[in-house]
Each structure stands twice: as C-alpha cells, then as structure tokens.
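> with the sequence up front, the predicted model follows.
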Amino acid sequence: QKMAELLGLGDKCGEGSLGASMLASSCLADNRLNLDVYPDGCHRFLRLFEGRRGEVVQVEFLRLSSNDCLLDTVLGILPQLKHLKSLVLKGGHARDEFGSCQHGSLTSLPPDVGSLRCLTHLDLSFNSLSTLPSCILHLSSLRVLLVSHNSLVALPEDFGSLSKLTFFSAMKNQLKSLPQSIGKLSELQDLDLSENALEFLPEEVGNLHNCTELDLSGNRLSSIPDSLANLKSLQRLHLHSNLLVTVPASLASLPNLSRLDLQNNCLRAVPDEIQTSPFVRLRGNPLGETEPAPSADESSAGGLRRLFIGSGEDSFTVTSEGCKVLLACGIHFYFPPGAAADPLRICFRTLAPDPQWVKLRHHDVLLSKVLELQPHGVKFHQEVQIWMPCASPQTLHQREVVVRTFSGQSWSDLRTRVEQKRKSKKHVAHCSVLHFSWFLVVSRLVQNECKVPTEGTLLFSSVDPNIKVTFPPGVTEETRSVKLQVLPVSAEEMEEITANTGCRASPLLCLSQDSLVDFLRPVRIQLPLPPGVTGLNLDPSRLHLLHGDLEGQTWDDITSQVVLEFTHLYAVFEVTHFSWYWLWYTTKTYIGGIAKKVYERLRMYQVNFIALQRKKDPEQVLLQCVPKHKVDPVLKKLQDRYRGPEPSDMVEMFEGEQFFAAFERGISIDMDRPDCVDGRLSFIFYSHLKNMKEIYVTSPVDRKGQAVKGQVSFYRGAVPENIPEDASRRRRGPDSLWLATLPIKLPRLKPRWGENPGPLNGFSFPPLNLGNAETGYLTQANLLSIARRVGADWQTIGMNLGLTYQQIERIRYNNREDLDKQIMDMLFSWAQQNSEEPDCVSKLITAMKASGRQDVAEEVETIIELGRQKYRDSIRRVGLEQESSTEDSAIAM
C-alpha cells in the first residue's frame, strides 16, 4: 500500500491491484517482461511488483531501459527475482536532437545481484560503467555478458572466474589492458573487444581454445602474441584499424580460420603465408598498394599512412604520425604529422539534412548531406583538411560553394576551395579545420566583404563590377564589417514571371553589416540601369527604387525618399542603413506586390514527380521529385529496371520544403516507418540532392482474383521558416496542399506464388504454412508481409520467439549490411523450425505483443480469424455446420 501511494496508484489497494492487473495482462507473458519499449518502463515494473508480486518474482526474462529515472529503485528489487535467466539494462533508448544515443545512468549494481544463480544472460550496454560491478563475478551460471558502449578502463583481475562464459562483448570502451585470468575462460566462443585502447594482449589469450570469433579491431595494438596460433577453433579474427607493424606467420596455419582482417594497419611487410591466403584482407597498409591516395593534394601528404574505411565501419584512429583517410562514401581527410598528440579515435556518420536545424539562408542551395565528426570540440595542433563530395555546382552560375559548420548554436561558413577529381570528374569541397563538428556543403550567392575604417573605403561586386558601394571618410567611428551579395535577374525571367514585356529590373543588391548602428554619413551606391535602359532613352517616371527587408517579406518604393542621379549606364543614390535594394523600370505605378511575387518565384524550382515500379517486383515502388530539367536523364537511367506512368505536371517548390506521398485506393505501406507521418511518407525537397525513396507497398485487397488499381498522391507540407507569409498562407487548405497524383497498379497474384521466393532478397525457403485449417493458416506471403513491418525490433522479437542470443548475433553478422535480410533470416528460419508445432502461430502473436509490437500481433490475429472464417464457411457448404458449431464451442471453452 505504501509503495502504491508513493507511485500515485490510488488510495486503495484495490485500485493499485486493478492497475497492476491491467499492466500484467499487456506486459507479462510467458515469464517475460519487456519494458524497455516504454518510456516509463521502471514505473510499470514497480506497479506490477506491488500488485502481482507472486508472478513478477517468477519472471525469467526482464528488459528495462537504463535511461529511466526510477532505475535505482528497481535495482533494489532485482535480487528477489530468483528465477531470472536474462536481464537487459541497456541505455541508448533516448536520443539527443541530432539522433545520437544517450547513455544510461547505470554506474553500478547492488551486491545482491550476485545471488541470481539462474542468470545466464546479462546486457548492460550503453551505460556509464567505469568499472565492472563486482557482483557480476559471483554469477556462476552466466554465459552471455555484454558491457559495450560504456567507459570501462580495466577488467577485474579475477575476471576469469566466470568459467561458463561463452559470449563477451566490451566493444566501445576505454580498455587499455586485459587481465591474465582471461585465459581461464575455457568455454568462451565469441570475444568482442573492438574499439578500445588496448596496446598489448597477454599471452594467456592463446588459452581460449573454444573461441571461434575474436574481434580486436579499432585498438592501438602494435603487435599480437604468437600464442594466438593456439586458437585451433578460431574462424574469424578481426585486427583491422590498429597499429600493427607485423603479424605472426603461424596465423596462416590455423585450421578453421576463414577470415583474417588486417586492413588499415601499419604493416610494411607480411609473411608470404599470410599474404597469399585467400581469406586475408590487407587493404589500407603501406605495402605498395596501387589505390590512389585519399587526398587531392598528394604532394603535401608525403608518405603518410593511408586508411581506407569500409562501408560497415564508423570510426578510425589517428596518431601523432598523421595519416590520409578515405571513407567509403568518398569523403577524404588529411591529418598532418603532429595534428593529434596522442592516438585519437575519430567517429563519423552522415545524416539526412533536417530543416529544423539545418537553416538555409535566402537563395542557398544544399549540395551534400550532413557530416558529423566526433569528438566535438577537441582542438587539433594543426589544421585538418577535409574533402567533401558535393553535387556539381556547374549549373549554379555566379555563385560560390562553401562548407558550412555548426558550432552547436549557429552555422558559419568556412574558407572553401572546389576541386574536380581527375578521373571521375566529380566535385569535392575542400576546407581546413581545427575542431570537429557538423559539416555540409552549400552553394550561396557570391559574397564580397570588407572592413570599413574611419577613413572610408570602396567595395564592389565580383559578380558585376559595375555595382559599387563607396564609404566616405567619417562614415563610422569604429571599424565595422560589411557584406555584399548580388542576385542577377535576366529580362527573360522577368517577362516569364510578370507576363509583361516592358518590365525590367537591375540585379538585386543585398547589403548587410555586423553593427546595429546606422552610418554617420551617407553611403553612396551605384547600380546599373535595368537591361535595355540607358541614359538616352530613360523615362525617369518609370524608374522605381525598391527597398526590401532582410526576409524579403515587404518591398517599399523609396524613389521619392532618395535623390537618384543618372549617368548613361548607372543610377546612383545614397543611404545611411543597409538592406536590400532593387531598381525597376516599368509602367506600373504600385509595384511592391509585384516585386514580392517576383522575388518569391526566383526562389522556387519547377519540378515533376515520378512513381515507377520495378519490373521484376511491382510491389517495389520508386518515388522521386525531380527538377524539370533533369526528368528526361533520370527516366532514361531507370527505364531498364522500372516501368510506370508519365511524370506528373510541373509544380513549383522551395529549397528545403517538405512534401508527403500518400498511397490511396487499395495501396498501403508500413505505417511504422520512421519517415511515415499519419500514413504518409515524408520528403524534404533539395534541388541538388536525390529526393528519392524506394519502398514496398501492399494491398489489403485479395489480389488472387484481380489486380489492384491504386494511386499515389503528393501533398505539400511545411515550408521553410524564411518563406514569405503570403506564400505560406496560399498553401493552406486541402485544395492548395495537393500537388499531383500518379497511378500505381499491383498485378493479380499468381496461384502458386508460394513456390517462388520472389522478393525474399536472395533467401530461398520451401513453401510453408504455419497453423492448421481449424485455427487458421499463415502462408509464406503472410510472413513476407509481416517481415516488412518488423523493422529494427527484429532482435527483440527473435529473443521472444525463443532464439538464443548466439543465433541472433549470427544472423546479424551474416547479414550485417542489410536489415531486410536480417529480418527475413530470423523470421523464416524460426518458421521452418517450428512449422510442425500446433501452437506456433499463437507463439508468434505472443512474441509480437511481448516485444511491444501490438500492431503486428493484431495483423496476425486478423489473418488467422479470416482463415478460421473461411474454414467454417467450407464446413457449412458441405453440410457439417452442426459439427462445426460443436467444435467452435469446444475451442471457446
């Protein structure tokens, strides 16, 4: 009662018991409690323990998030769960604003946890452990231990007392050495110590005679002991991304070794026995390889070590000797000697740009994804050079390309040079930095800037040298910085937008400064007259000088407020504060609204939508938003593999604008996708990036009898923050949000679909049906539909289906670069092994519910109920309705 009051579960024990009962029915299944999927998982556990203690203490499998604020309270109860076999207390369930996993708050365990004699599996990953809790060494039955992504600097000297341990992972910690007792782990099969700070290995590692996989990648090892040649059971040895200068030749004699990864080390000589072995990987070592150096400036890099980082890796190590690094995505780094004093682990990842924090300025064009480099804020002793691949800027005339970096609060532009690779002709943006953070490549209007002293100065545009700004002496008391940008506007653009052949405009002049104080003396500005207008044919009554605010929201005619002087080619005027200035020549009298419309249109792109289906698998649909001038090349490139309708009519979109794709008329998609919002796929339009997604679609309609003629419609979403208010207002309401609709057709299914593996990504399973005629079948097609909805929860579902941790890890490793294959391998392998069991379908439903996937469980139940109904209907048709009713009653009982 006291605990119920503390948790706010009602004033009466009956109320608390009822709440716990409802929780138990939804969370507690087959002695399993999977509460890490709930933000308040620990709160739910305490309620269950208060109301259903007798059942909770019988739990054998428990999962909790260590990001939970009530974790310490739960830890005190754990020793009472004497039957516990598997305990997961992982962090990483919460993420920061950039998507990085936040470690849990767990720093220790209560000593009494060591009394859990039945515990065989313990996962403490993504926490804040600096030392291994001593109670773990008393878990005599422990077979699987995971402490990855913590802050461990050492393992206990008596770590070898865990004699039954078969799997141990301590990846991504700070281990510098290993205890000699590790050699006593005679049952150990998998040992993962990757991405630590190990500098040497004890000879006793050679006593792990049952070890089949040893991962030591991403450490600081300069040598390995000869005793590794004693590991006769070893099948895979990972030593890439270390500092190895030599390896024992005896490794080549290991009888079961099928993979030896020595990439990205300092090997200058390798024994012939190893170098000629087919299972050895040596790329990234200074052995006279013929691959090109990663940097564009090879002469400055000399003979530095070269690192080639594969697509499955996310980090590398830099030493004081420096190195050149090439990532699989094409990004290059050059770390000069002395840039890092001590060996430093560099972590990297590329992110899709999110308009919520990637703030583009007016007329900016995004040319790359976002590159995040960690550790943030660490200062290098010398500048590190970065080369980032970017979209070709050749179509962006009178603009410049810059690398933009994020400090955590604001974005700033770096001095950048654009280079073109000699062989591929692709463009890269080259910059130098002293700190690592977030980086992206943008094309902006050419920016000219200068310092204005008290004596005055002259600033002119490099795009149009006829545009000049003169600062007279005494214009300012303190030196200030000013910037100038020019947006050229052609006569053809003006005519197309305004539908007025007599309307002309000069280049748009954008002026800004770093001071909020107006100038002390007028600043003189020279602008060229609009095209086709000279001092000889000029009609001053048709010339208008417009002043715009810094967001382009309003344009005011200030012709009467300034003194305009004219020469044969130029107009000259004076101002005391900076903003945007635009010179128009037209017969219109009130042109502020027209100018606003033109400015808005100058920021928009004409695009078409395409929706194509893969010829070999029509359920695989490709959606793309393509700028108008790229439509034909894109379709030509895809025509061999895809077919579909003609592109949509042309529409206009802003850079960074959101739009959605909705499948309609009998076509549906996985609603649990992270990019699915209210049943619609979310896109962000960037004119020079691929606005493309390829997804699987399904249909609730029975396609055995007929094809499904559906459609996909595109709708507008949020516009960028700095878009004029009128443009946003015009896009409100259902009619203004619709953009285009294209047809999607799913063909009639063939009668013997189950005999063809179809889109199973290379997996071939014989036709199977789970269940029976009375209880309902799950066919191979049903399982495929379920697999497409599982997503990243597949490991949790696999554990709840009864797969061992080793089986899960093996599936993950064998298909480590393809999530779809991991899911299908898990689900179909389980189905094959359990297809003869009468209650296998109910086990699948229970596992889905226990994994927090009520949606999938309900889908399976719907399929099964449909099968039962069909069975009853068939019974009635043959005159056995009475018997069927009797059987139904028996089932209900």
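Received, thanks. Remember, predicted model here, so these are calculated numbers, not experimental data.
> can you tell me the closest non-neighbouring residue to Gly717?
Gln658 (3.2 Å; Cβ to Cβ, 6 or more residues apart in numbering). For glycine as for every other residue, the C-beta is placed from the backbone atoms N, C-alpha and C.
> doesn't that neighbour lie inside a helix?
No - going by DSSP: H, G, I helix; E, B strand; the rest coil, the assignment for Gln658 is strand, not a helix.
> how near is it to Lys379?
From Gln658 across to Lys379, the span is 37 Å (Cβ to Cβ, to the nearest Å).
> which of those two has more neighbours?
Between Gln658 and Lys379, Gln658 has the larger neighbour count (other Cβ atoms under 10 Å), namely 18 against 7.
> what pairs with that one across the strands?
Beta bridges link Gln658 to Ile684 when assigned by DSSP bridges.
> so what's it up against?
With contact taken as Cβ atoms under 8 Å, 6 or more residues apart in numbering, Gln658 is in contact with Pro355, Ser682, Phe683, Ile684, Phe685, Arg716, Gly717, Ala718, Val719.
> okay, which residue is most central for the protein?
Leu351 (5.1 Å; Cα atoms, centre = their mean).
> was I right about it contacting Lys369?
Yes - the criterion here is Cβ atoms under 8 Å, and Leu351 meets it with Lys369 at 6.4 Å.
> which one in this protein is furthest away from the centre?
In the chain, the greatest distance from the average C-alpha position (Cα atoms, centre = their mean) is reached by Leu536, at 60.2 Å.
> contacts only, for the closest residue to it other than its chain neighbours.
Counting by Cβ to Cβ, 6+ apart, Leu536 lies nearest to His568, which is 7.1 Å off, once chain neighbours are set aside. Listed by Cβ under 8 Å, 6+ apart, the contact set of His568 reads Thr534, Gly535, Leu536.
> can you list those residues in TSV and add pLDDT and distance to Asp617?
Output for those, formatted as TSV (pLDDT from 0 to 100; distance: Cβ to Cβ, whole Å):
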residue	pLDDT	distance to Asp617
Thr534	87	64
Gly535	83	67
Leu536	84	68
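> dump the residues you listed into a markdown table; add secondary structure and distance to Asn265 as well.
Shown next, in a markdown table, are the contacts of His568 (DSSP: H, G, I helix; E, B strand; the rest coil; distance: Cβ to Cβ, whole Å):
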| residue | secondary structure | distance to Asn265 |
| --- | --- | --- |
| Thr534 | coil | 70 |
| Gly535 | coil | 73 |
| Leu536 | coil | 75 |
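> which of those sits closest to Val475?
Within the contacts of His568, distances to Val475 taken as Cβ to Cβ reach their minimum at Gly535, with 28.2 Å.
> what sits against the closest one?
By Cβ under 8 Å, 6+ apart, the neighbours of Gly535 are Leu529, Phe566, Thr567, His568, Leu569.
> about what we covered before: of the contacts of Gln658, closest to Gly54?
Nearest to Gly54 among these: Ser682, at 46.7 Å, using Cβ to Cβ.
> let me see the backbone angles for that closest one.
phi -100, psi 130 (degrees, to the nearest 10).
> separation between Val712 and Lys636?
Distance, Val712 to Lys636, by Cβ to Cβ: 22 Å.
> show me which of these two is the more surrounded one.
Neighbour count, other Cβ under 10 Å: between Val712 and Lys636, Val712 has more, with 23 against 9.
> looking at this, that one is in a helix?
No - assessed with three-state DSSP, Val712 is strand; it does not lie in a helix.
> so who does Lys184 touch?
With Cβ under 8 Å, 6+ apart, Lys184 has these contacts: Gly160, Ser161, Ser163, Glu204, Asn207.
> what sits closest to Asn135 if chain neighbours are left out?
For the record, residue 135 is Cys, not Asn. Counting by Cβ to Cβ, 6+ apart, Cys135 lies nearest to Gly114, which is 3.5 Å off, once chain neighbours are set aside.
> is that neighbour part of a helix or strand, or is it coil?
Once three-state DSSP is applied, Gly114 turns out helix.
> what's the spacing between it and Ser140?
Counting by Cβ to Cβ - Gly114 and Ser140 are separated by 9 Å.
> next one: Asp675
Taken as Cβ to Cβ, the span from Asp675 to Ser140 is 47 Å.
> send me the host helix or strand of Trp584 as CSV with only the CA atoms.
Using DSSP states H and E, Trp584 falls within strand 580-585. Extracted in CSV, the C-alpha atoms of strand 580-585 (Å, rounded to 0.1, in the frame of the first residue of the first chain):
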residue,chain,number,x,y,z
TRP,A,580,18.1,45.1,-50.0
TYR,A,581,17.8,47.4,-53.0
TRP,A,582,16.3,46.7,-56.3
LEU,A,583,15.9,49.1,-59.3
TRP,A,584,12.8,48.5,-61.5
TYR,A,585,11.8,50.0,-64.8
